[in-house]
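In: Sequence first, then the predicted structure, then my questions.
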Amino acid sequence: MMQIEGLENVIHRIDELNQRFGLATSPYNRHMEKPEAVQKMQGAQETVQGSSFASELSGAMKAAGVIMPGDTNSMIAAAARKYNVDPRLAAAIAQTESGGNQEAVSPAGAVGVMQLMPETAAGLGVNPYDKQQNIEGGVKYLRQMMDTFGGDVQKAVAAYNAGPQAVKDYNGVPPYRETQNYVNKVLDIYR
């Protein structure tokens, strides 16, 4: 019995790592996963708890001409609340990065709504291929950039796009046309 428990623990740990990095889990542990209906019910409860915040965000984004697909606004609102980030800023980044599309993949390999690079996602402890984790990771990274640059929104947005070192090297928005356009677009949506 002891050997089987040890084997089960090893298989469970492998599955945890596979899920963390977006790989398939073994058929052995699939029966232990939550049924889809239970997951949806839990998600619905979380959505109801944050629904006024999400509705407010949704209204603000619609006023700015931005419409996110499905439950994206509620996920952004929940992550923004968790990491103390203005949800309008997080939504503006999501809109600029992917139009809210979880299936988006950049030529450089960035993935999902918040266009996380796999290495960045791994450092944040999220699976970039999972929509909710992608949004959580992107908002967490935005919070880190806000902290790194003392709350300077323009520098934080530039760092989200070009990386923090480029912003430090130039003491502001780097002179890269892509980053300058990115910052302007995000801030236009945000304001």
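Out: In hand now; what should we look at?
In: Which residue ranges of this protein form helices?
Out: 2-20, 27-30, 36-49, 51-63, 72-83, 87-98, 118-124, 131-148, 153-162, 164-170, 177-190 (DSSP state H).
In: For the fifth one, C-alpha coordinates in CSV please.
Out: Coordinates of each C-alpha in helix 72-83 appear next as CSV, following Å, rounded to 0.1, in the frame of the first residue of the first chain:
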residue,chain,number,x,y,z
THR,A,72,-13.1,38.9,-19.5
ASN,A,73,-14.2,42.1,-17.8
SER,A,74,-15.2,40.3,-14.6
MET,A,75,-11.9,38.4,-14.6
ILE,A,76,-9.9,41.6,-15.1
ALA,A,77,-12.0,43.3,-12.3
ALA,A,78,-11.3,40.5,-9.9
ALA,A,79,-7.6,40.4,-10.6
ALA,A,80,-7.4,44.2,-10.4
ARG,A,81,-9.0,44.2,-7.0
LYS,A,82,-6.7,41.4,-5.8
TYR,A,83,-3.5,43.3,-6.9
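In: Tell me what angle that helix forms with helix 87-98.
Out: Going by axes from the mean of the first three to the mean of the last three C-alpha atoms, to 10 degrees, helix 72-83 is angled at 120 degrees with respect to helix 87-98.
In: Please apply the same query to the last one.
Out: Going by the same axes, to 10 degrees, helix 177-190 is angled at 140 degrees with respect to helix 87-98.
In: Identify each buried residue in helix 177-190, please.
Out: Residues of helix 177-190 classed as buried: 179, 182-183, 186, 189-190 (neighbour count, 16 or more other C-beta atoms under 10 Å). C-beta here means a position set from N, CA and C on the backbone, and glycine is covered the same way.
In: pLDDT on that helix, on average?
Out: Helix 177-190 carries an average pLDDT of 96.
In: Low-confidence bits of this protein, can you list those?
Out: Within the chain, the stretches with pLDDT under 70 are 1-67.
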